[in-house]
Every structure is written in C-alpha cells, then in structure tokens.
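Engineer: dropping the sequence and predicted coords here.
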Amino acid sequence: MNVLIFDSPKEATEAAFDIVMKRLEAGLKTIGLATGSTPLKLYEKLRSMDIDVSHVTTVNLDEYVGLEPSDPQSYNYYMNEELFKYMNFSATYIPNGVAEDLEKECERYEEILKNHPVDLQILGMGPNGHIGFNEPGTSFDSVTHITELTPSTREANKRFFEKEEDVPTKAITMGISSIMSAKEVLMLAFGEAKAEAVRRMIDEPVTVDCPASVLQNHSNAVIILDKEAASKL
Ligand code: GLP
C-alpha cells in the first residue's frame, strides 16, 4: 500500500484528482466510483473540467435496497446529481436497489463487472472499516451480493436521512473480491472518525473484521488520508 498523508481534505482531494486525471489522460476505460461525503469534492473538481469521457464507463460500488433511483437518498440520484449529468460517460452502471429479483440483479451486476474490468477503483471507508457495503465479517471471496447493514453503519449514514428509521436495512454491494479485481485502488479517508479504521487497515494484520485491511493484499493500492484520519498511525 502506498500511503499518502496530507494536511487537509482539500490537499488530499487535489492529490486524488491528479491521479484520476492522469489515468483518464492515459486512456483509462472503466472507473469504479464510490458515494458518501468523502469523494464529493473530487467529483466537484471532475465535473468542472471540460473533459471528454465518452470512451469511459463507470461502475458504482453499491446501492441501498428499496430506494428508487429518483429517491434523493439513493446512490443513483447522488451520482446523477454529482457527476453524471455533467459528464459524457459512455455508460454508467449502478446496482438497481428496487429490482424485482435482487439475486438476479447481483448476477447481472457481476456480469457487467466482468465485461468492464475496473482500471481504477475509487473507494471510501466506513468508520467500521467497511468498503462498499462489505461489513466486517464479509468473506474476501465475496462477489456482488445483498448485505444486511450493521446498526453502526445505519447510525453513521443516518445524517443523510430525515429519520433513522428511513435508513434502509439492506444494500446491494460489489463484493470484496469484485473490488480487489480492480487494477488500481484509490482509497480516500478523511477525519478523525476514520482514524481507528485507518489504523486497523494499515497497521494490523489483514482480517475480515476490518474489510479495508484486504487492501494490504492489493498490488496497486494508494491510500490518501488527511492528517486527522492518519492520527492513529
Ligand atoms: C457508505 C458507502 C461507502 C462509503 C462510506 C463512507 O457506507 N457505502 O461506499 O465509503 O459510506 O461514507 P463517508 O464518505 O460519507 O464517510
């Protein structure tokens, strides 16, 4: 893992942006995207660039089960608002959290990933070390699947919802093995709330109890932190 620490989220975001731009210029075909608050500034910078991405496909990590794409809390909605409506990507894929047959939807998504191998995967992490919605305990062999969100994840994400009861209890997520198939991973983590998970990801042995620690096994993972997220290293 290549760990880079910056004074502020702003500087960290700039470093991430430079990497993304370099890969786009080098002809990247498929980029894996994450949601949450961490990559928001990165997306703001990307959408303000006048760049042609008509040769680029995007695949997102996850989606809540039960939220329509038109629901402002859905990740489909988030991606449209933050990026897709400004950029001319060739195709954009996000799991469908309201598919009638969710198991089939997982298979369909895994097929999409097979047809679009990810060159660069942008990742955030949950305060419990989850990546995508792969909660602690998820097998490293997992592919796209339905997952039950832990109380701590629902608590961490309730800030985006009006009431805690509105936070879905399930999600569709790319699995850990799907995420690890990316040729390069760019993990961003900012703020003190992530410091303990960051420490476990980097300084402790690889364990399913901290899903992000699997990145120690990736041959090309860049971890971009602000100094607060790095404060326990
Ligand atoms: C959600 C998403 C993750 C994301 C995490 C961190 O749980 N499923 O993909 O990395 O939130 O969110 P934030 O960046 O808001 O801390």
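Structural biologist: Looks like it came in fine.

Engineer: helices of this structure, start to end?
Structural biologist: Remark: helices assigned in the chain by DSSP state H are 9-25, 40-48, 75-82, 102-115, 151-157, 176-180, 195-203.

Engineer: list of residues touching the shortest one?
Structural biologist: Contact with helix 176-180 is made by 32, 61, 110, 113, 121, 123, 131-132, 134, 138-144, 185, 211, 214, 217-218, as judged by C-beta atoms under 8 Å, 6 or more residues apart in numbering. C-beta coordinates here come from the backbone N, C-alpha and C atoms, glycine included.

Engineer: what of the first one?
Structural biologist: Counting by C-beta under 8 Å, 6+ apart, the neighbours of helix 9-25 from elsewhere in the structure are 4, 6, 31, 39, 41-42, 45-46, 49, 51, 53, 56, 119-120, 122, 184, 186, 188, 190-191, 222, 224-226.

Engineer: go on, the second one?
Structural biologist: Helix 40-48 is contacted from outside by 9-10, 13-14, 16-17, 20, 82-83, 86-87, 122, 188, using C-beta under 8 Å, 6+ apart.

Engineer: hmm, residue 1 is touching residue 219, no?
Structural biologist: No: counting by C-beta atoms under 8 Å, residue 1 does not reach residue 219; the two are 9.9 Å apart.

Engineer: neighbour count: those two, which is higher?
Structural biologist: Between residue 1 and residue 219, residue 1 has the larger neighbour count (other C-beta atoms under 10 Å), namely 16 against 9.

Engineer: for the ligand, what are the nearby residues on the protein?
Structural biologist: 34-38, 61-62, 124-126, 132-133, 153, 157 (C-beta under 6 Å from any ligand atom).

Engineer: hmm, which of the residues you listed are the buried ones?
Structural biologist: If you count burial by 16 or more other C-beta atoms under 10 Å, the buried members of those come out as 34-36, 38, 61-62, 124-126, 132-133, 153, 157.

Engineer: quick one, what contacts residue 58?
Structural biologist: With C-beta under 8 Å, 6+ apart, residue 58 has these contacts: 30, 31, 32, 33, 79, 83, 84, 89, 91, 92, 93.

Engineer: how about the buried ones among the residues of the chain next to the ligand in a markdown table, adding pLDDT and distance to residue 176?
Structural biologist: Formatted as a markdown table, those follow (pLDDT from 0 to 100; distance: C-beta to C-beta, whole Å):
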| residue | pLDDT | distance to residue 176 |
| --- | --- | --- |
| 34 | 98 | 14 |
| 35 | 97 | 18 |
| 36 | 95 | 17 |
| 38 | 97 | 19 |
| 61 | 98 | 11 |
| 62 | 97 | 12 |
| 124 | 98 | 15 |
| 125 | 97 | 13 |
| 126 | 95 | 13 |
| 132 | 97 | 8 |
| 133 | 96 | 11 |
| 153 | 90 | 16 |
| 157 | 89 | 20 |
